[in-house]
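1. sequence and predicted structure, then a few things I'm wondering about:
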Amino acid sequence: MSRHGTYDNPVYVNSPEDAYVVPEPRYQDSGKGGNTTSKKNILTLVCLVLVCVTIIALVLIFAVEWKKDNTASDSAPVVNSCPPPSEKTTQTPSETTQTHATPTSARLSTEKQDRRCGNLNKPPHIVLLLLDDLGWNDVGYNNPRMKTPVIDELATNGVIFSSMYSQPACTPSRAALLSGRYPANAGLQHLVIEEMDPNFLARNYTLLPEKLKELGYMNHMVGKWHLGYCDWKYTPLYRGFDSFYGVLNGFLSDYFSHVTNTPFFGPKQAVGLDFRDNTGAVLHENGTHATFLFTERAQMIIERHNPVVPLFLYLPFLLPHGPIQPPPGFEESGEGINDTRRRNYAEVMGALDNAIGNVTQTLKDKGMWDDTLFIFQSDNGGDIVFGGSNYPYRGNKATLWEGGIRVPSFVHGRILENTGYINNELMYIADWQPTLIKLAGGTPDPDIDGIDQWDTMCRGDPSKRSEILLQLDTHESTPAASLRLGDYKYFEGYYNLVPQRIVLNDQYHFDSWYPPLENLTAPLPNGTLIQENVNNTYLFNIKEDPYETNNLVDDPAMQDKLNEIRARIQHFRDNAPPLFFPDDEPLSNPIYSNGVWTPGWC
């Protein structure tokens, strides 16, 4: 038996070692023995020869006609959708500034914009890597002090998105990603689903893996779920995935023992193991860093996959979510950084970079890489509490400042027509759902909030999006609303959206601009900090003021824009379903399920 154990999923029934292997054709001699050839066999042979001759003749005729039809087009310009690396122009953001590339759409012909982008003769394999609390300044292509060579190579030879927005926290971002809906329209805008919450992403919303399953994809998930688990029907195997290996809750308190204590901040109420292999608890991997286990499972899935079948591999890895516990062997990634938090964070990023390299190399070894679209996306901004950095943007994870919701993201793949540049078009995490469904040959649900952005991602066409509902929380503990409309961003109410973090605000000032902990002398914008976490009202022109220093809310010239934005927020408020945020359920405590966080209590 392998270190990964056995499987209860039908994909791995029988011998796991033979999973996804196409059986060799079997031939059986139907002759009766001897050297005598009957007349019947001779007649059969003659018939076969005649059939072969006929086929060859038809092929020759078709070839001649094809050459005639294509002669006229020989002089037409040929667009190479996958230029070799030496022909690409790579632009890399600096550590302190954002690099703005010339809008790609201005360089494209009308003929090219009128057709669907990319070589879509078959559905691509899709690998979607969702990082947890990865800040803007935590990757090498935005900050050379972070040693992430694999990530940097993929990003700079793909398409980097400089205006990709997420939600400020884990559950809402994951709900938007997989459902294609604003979290407020799915009842999940407030806070996150905590360990003892009988809360979930409702089953009446069709998720990305469910849509891809209808299109013939094999779907696997390795990593963090965090969309509810109080009943098995809300967990990955019942939401479109063929296998699941990972964590049902939102974090691990220990990456080596795979134990989760709740709550994340404050006195512990419950503790239990949170690691699943499909429906079974993983009890035999104590002592192995979860990132290593996730990587090994992802590699195994790829190695055993039949490349003829399109693959959707969803990798919502836990890193670099706190607590920061780097596995051994990545000390070099933190060399030269004096701050302990930031040095450990850099080592964690080194481990993550290594994991990505192992996964991509396995795809190459399997011969699947050229047919794979690789997506890199953070769920929200970085967390200064654990050494993350959103520099030069303002704010932190779980806030509505740019640092909390403007996240690192890129896409890489030979299917892309234009690569090696920075795409500045406005995009939102929910756009991945309809984009990937359309790319796979399907039809997104008509009532979702996500927008098919494939032509923007593939060749740089103008974004189809001009508006993002960034927050609509009606809960009494953190009432807030925020909208991006064109170049403007507005928010009102609480900017710090996690009640447990409000008590930390005096220490960390989550509305601040933070210098990178590895470069404390880096220049900072000059702006006014908030003294109270209530009754905040802000309007910024993000295009002209991306670091949010100049509040325009009292500008007389901006009152029409304010009224327009507030009317849109009211529209969303009037049409959103009621917020569902139930009280904790004591029966969720792992003491009732052999020390393991287990569904079945709602």
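-> Sure, I can see it.
2. just give the number of residues close to Gln269.
-> 13 (other Cβ atoms under 10 Å). To be clear about C-beta, it is placed using only N, CA and C from the backbone, and glycine gets the same treatment.
3. typo on my end, it should be Ala176
-> Around Ala176 there are 31 residues (other Cβ under 10 Å).
4. helix, strand or coil for the nearest residue to it once chain neighbours are set aside?
-> Once flanking residues are discounted, Ala176 sits nearest to Ala430: 4.1 Å by Cβ to Cβ, 6 or more residues apart in numbering. Secondary structure of Ala430, reduced to three states by DSSP: H, G, I helix; E, B strand; the rest coil: helix.
5. which residues touch Ala430?
-> Neighbour list for Ala430: 176-177, 179-182, 448-450 [criterion: Cβ atoms under 8 Å, 6 or more residues apart in numbering].
6. tell me the pLDDT at it?
-> At Ala430, the model reports a pLDDT of 98.
7. compute the distance between it and Glu492, please.
-> Distance, Ala430 to Glu492, using Cβ to Cβ, to the nearest Å: 22 Å.
8. again, but for Arg414
-> Using Cβ to Cβ, Arg414 is found at 45 Å from Glu492.
9. and if you look at Leu483?
-> Relative to Glu492, and taking Cβ to Cβ, Leu483 is found at 10 Å.
10. one more: Ser463?
-> Noted for Ser463: a distance of 25 Å to Glu492, by Cβ to Cβ.
11. again, but for Leu517
-> Applying Cβ to Cβ to Leu517 and Glu492 gives a distance of 31 Å.
12. same deal with Val348?
-> For Val348, the distance to Glu492 equals 35 Å [Cβ to Cβ].
13. again, but for Lys213
-> The gap separating Lys213 from Glu492 is 40 Å, by Cβ to Cβ.
14. between these two, point out the one with more neighbours.
-> Taking other Cβ under 10 Å, Lys213 and Glu492 do not tie; Glu492 has more neighbours (21 against 17).
15. quick one: secondary structure of that one?
-> Assigned by three-state DSSP, the conformation of Glu492 is strand.
16. nearest spatial neighbour of it, chain-adjacent residues omitted?
-> Thr537 (4.8 Å).
17. same check on Lys561?
-> Per Cβ to Cβ, 6+ apart, closest to Lys561 is Tyr488, 6.0 Å.
18. residue contacts, that neighbour?
-> 539-542, 561, 565.
19. of those, which belong to strands?
-> 539-541 (DSSP state E).
20. now render the residues you listed as JSON lines, adding neighbour count and pLDDT.
-> What follows is the ones in strands among the contacts of Tyr488, written out as JSON lines (neighbours: other Cβ atoms under 10 Å; pLDDT from 0 to 100):
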{"residue": "Leu539", "neighbour count": "20", "pLDDT": "97"}
{"residue": "Phe540", "neighbour count": "24", "pLDDT": "97"}
{"residue": "Asn541", "neighbour count": "17", "pLDDT": "98"}
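21. quick check: of those residues, which lies closest to Val282?
-> Checking these against Val282 with Cβ to Cβ, the nearest one is Phe540 at 45.7 Å.
22. number of nearby residues for Met164?
-> Counted with other Cβ under 10 Å, the neighbours of Met164 add up to 22.
23. ranges for the helices of the stretch 51-200 of the chain?
-> For the stretch 51-200 of the chain, applying DSSP state H, counting those that start in this stretch gives helices covering 110-113, 149-156, 170-179.
24. now do the chain
-> 39-71, 110-113, 149-156, 170-179, 208-214, 290-303, 340-365, 402-405, 432-439, 454-459, 499-502, 505-508, 559-575 (DSSP state H).
25. now Leu313: how far from Ala557?
-> Leu313 is 50 Å from Ala557, by Cβ to Cβ.
26. more neighbours: which of these two?
-> Ranked by neighbour count (other Cβ under 10 Å), Leu313 and Ala557 place Leu313 first, with 24 against 7.
27. got a pLDDT number for that one?
-> pLDDT for Leu313: 99.
28. list the contacts for the nearest residue to it once chain neighbours are set aside?
-> Counting by Cβ to Cβ, 6+ apart, Leu313 lies nearest to Val127, which is 4.7 Å off, once chain neighbours are set aside. Neighbour list for Val127: 311, 313, 315, 359, 363, 372-375 [criterion: Cβ under 8 Å, 6+ apart].
29. Asp445: what's it in contact with?
-> 180, 206.
30. tell me where the stretch 101-250 of the chain has strands.
-> Per DSSP state E, counting those that start in this stretch, the stretch 101-250 of the chain carries strands over the ranges 125-131, 159-161, 164-165, 218-224, 243-247.
31. hmm, Asp473 is touching Asn496, no?
-> No. Contact criterion Cβ atoms under 8 Å: Asp473 and Asn496 do not qualify, at 11.3 Å.
32. find the residue at the geometric middle of the protein.
-> Leu130 (3.5 Å; Cα atoms, centre = their mean).
33. can you list the low-confidence ranges for the stretch 501-602 of the chain?
-> Applying pLDDT under 70 to the stretch 501-602 of the chain picks out residues 531-535.
34. I meant the stretch 1-150 of the chain, not that one.
-> 1-115, 119-120.
35. can we see that at 50?
-> Along the stretch 1-150 of the chain, the parts satisfying pLDDT under 50 run over 1-40, 62-114.
36. quick check: Cys600 vs Ser593, distance?
-> Just to correct that, residue 600 is Gly rather than Cys. Counting by Cβ to Cβ - Gly600 and Ser593 are separated by 8 Å.
37. over to Ile429?
-> The value you get for Ile429 to Ser593, if Cβ to Cβ is used, is 33 Å.
38. bridging across strands, which residues link to the nearest residue to Asp555 once chain neighbours are set aside?
-> Among residues not flanking Asp555 along the chain, Leu539 sits closest, at 7.8 Å (Cβ to Cβ, 6+ apart). For Leu539, the beta-bridge partners are Tyr490 (DSSP bridges).
39. contact partners for Leu539?
-> 488-490, 551-553, 555, 558, 561-562, 565.
40. and the gap between it and Glu548?
-> 10 Å.
41. which residues are in contact with each of those two?
-> Any residue near both Leu539 and Glu548 by Cβ under 8 Å, 6+ apart counts here, and that gives Lys489.
42. count of neighbours near the closest residue to Pro525 other than its chain neighbours?
-> Leaving out its chain neighbours, the residue that sits closest to Pro525 by Cβ to Cβ, 6+ apart is Tyr547, at 4.2 Å. For Tyr547, the count of nearby residues is 20 (other Cβ under 10 Å).
43. of Ile429 and Ser593, who's got more company?
-> Remark: of Ile429 and Ser593, Ile429 carries more neighbours, 28 against 17, as counted by other Cβ under 10 Å.
44. separation between the closest residue to the more buried one other than its chain neighbours and Phe317?
-> Leaving aside its sequence neighbours, Ile429 sits nearest to Ser166 (Cβ to Cβ, 6+ apart; 4.5 Å). Distance of Ser166 to Phe317, given as Cβ to Cβ: 16 Å.
45. looking at those two, which one has more neighbours?
-> Ser166 (28 against 24).
46. so the more buried one sits against Asn380, correct?
-> Yes. Look at Ser166 against Asn380 with Cβ under 8 Å: they come within range, at 5.3 Å.
47. overlap in contacts, the two.
-> Residues touching both Ser166 and Asn380 by Cβ under 8 Å, 6+ apart: 173, 405, 407.
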